[in-house]
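[1] quick check, what structure comes out for this input:
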Amino acid sequence: MANSAPPQKYVMLEQPPNLQPPPCHRRNVPRYHSGNHKSGGGCLKCICCCYCILIILIFIVAGITFYFYTVFEPQVPTYKVDKIEVKAFDVAPLELTLTTELVVTVKADNPNKRIGFIYGKDSSVVVTFSDQQLCSGQLPAFHQGHKNITMMKVVMKGKTKVGPEMQKKLMKNKESGKVPLLIRVVAPVRVVVGCVQTRQIKVLVNCTLVTSNIAPKHKVKILSAKYDVNVQF
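    Residues are numbered from 1 along each chain as shown. As a prediction, this is how the structure comes out:
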């Protein structure tokens, strides 16, 4: 028999050219997930809650308003100049001064069944002719109950410098029997509903009148009247 080659003790393995040894001391880097989606969801929930609360409040206010108007049936009080008395209306020619004293009777009508009004101090009543103030006064402070008509007598006095043009206008209006006057009223008022009083508001009344004359010791007829009522909160 032919002698076979002795077995080799070592076998050499060739490393493939693309094979790289594993890196030494490799560590796995932990991955952190961003929480932005969670915060975004929280903001959305907060906005939804705010909208829900707002809608609930709107329904509550609407319900209270509906109940108030249904039960109390609020109405705006009316005001009317019932009478004008001329106590003095004299012109001093040398001083060009007009002295005026009027007593105006004002009718305040509260048609409400369950609502009253408290008229406070610091009111003002001014009478003007051709944008010139003639006299002024104040309304009395009083409490007006529901379904009530109150007659108020307001005494107004004043002295005004008058020029030749204003004197001519006064004489012309007296001769025609139509004297235009403007009465402006500012009154602080509180609304009373049951035992509850609201905060003070201002009632503004502009009354445009045309009278038959404005002479002392003569009966004054109110030929026409126009009223404009506004409220300042």
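
[2] where do the helices sit along this protein?
    With DSSP state H as the definition, the chain shows helices at residue ranges 36-72, 164-176.

[3] helices and strands around the shortest one, which ones?
    So that's helix 164-176. Under the contact criterion of 3 or more CB pairs under 8 Å, 6 or more residues apart in numbering; DSSP states H and E, the helices and strands touching helix 164-176 comprise strand 124-129, strand 179-193. Heads up, the C-betas are built off the backbone N, CA and C, glycines and all.

[4] could you dump those into a markdown table and include distance to Leu102 and mean pLDDT?
    Formatted as a markdown table, these follow (distance: least, CB to CB, whole Å; pLDDT from 0 to 100):
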| stretch | distance to Leu102 | mean pLDDT |
| --- | --- | --- |
| strand 124-129 | 6 | 96 |
| strand 179-193 | 9 | 96 |
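
[5] would you mind measuring the gap between the ends of stretch 73-81?
    Separation of the first and last residues of stretch 73-81 by CA to CA, to the nearest Å is 26 Å.

[6] got the buried residues for it?
    Residues 77, 79, 81 are the ones in stretch 73-81 that count as buried (16 or more other CB atoms under 10 Å).

[7] what do you get for stretch 206-223?
    Burial within stretch 206-223, assessed by neighbour count using 16+ other CB under 10 Å, is assigned to 207, 209-214, 220, 222.

[8] closest to Phe59 among these?
    Distance to Phe59, by CB to CB, is smallest for Cys207 among the buried residues of stretch 206-223, at 41.6 Å.

[9] surely that closest one is in contact with Val154?
    No: when contacts are counted by CB atoms under 8 Å, Cys207 is not listed as touching Val154 (11.9 Å).

[10] about what we covered before: can I get the helices and strands packed on helix 164-176 in a markdown table with mean neighbour count and distance to Lys107?
    Compiled in a markdown table, the helices and strands packed on helix 164-176 are given as follows (neighbours: other CB atoms under 10 Å; distance: least, CB to CB, whole Å):
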| stretch | mean neighbour count | distance to Lys107 |
| --- | --- | --- |
| strand 124-129 | 19 | 14 |
| strand 179-193 | 18 | 12 |
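
[11] for Asp109, find the nearest of those strands.
    Using CB to CB, the nearest of the helices and strands packed on helix 164-176 to Asp109 is strand 179-193, at 14.2 Å.

[12] tilt between that closest one and helix 164-176?
    Relative orientation of strand 179-193 with respect to helix 164-176: 90 degrees, computed using axes from the mean of the first three to the mean of the last three CA atoms, to 10 degrees.

[13] before we move on, back to that, most packed of the helices of the chain?
    Highest mean neighbour count among those (mean count of other CB atoms under 10 Å): helix 164-176, with a mean of 13.

[14] can you list contacts of that one?
    When contacts are taken as CB atoms under 8 Å, 6 or more residues apart in numbering, the neighbours of helix 164-176 outside the stretch itself are 91, 129-130, 132, 162, 179-180, 213-215.

[15] tell me how many other residues surround Asn230.
    Summarising burial for Asn230: neighbours were counted as other CB atoms under 10 Å, giving 9.

[16] how far away is the closest residue to it other than its chain neighbours from Val185?
    Nearest-residue entry for Asn230: Leu204, 4.5 Å, with adjacent residues in sequence omitted and distances by CB to CB, 6 or more residues apart in numbering. Leu204 sits 7 Å away from Val185, taking CB to CB, to the nearest Å as the criterion.
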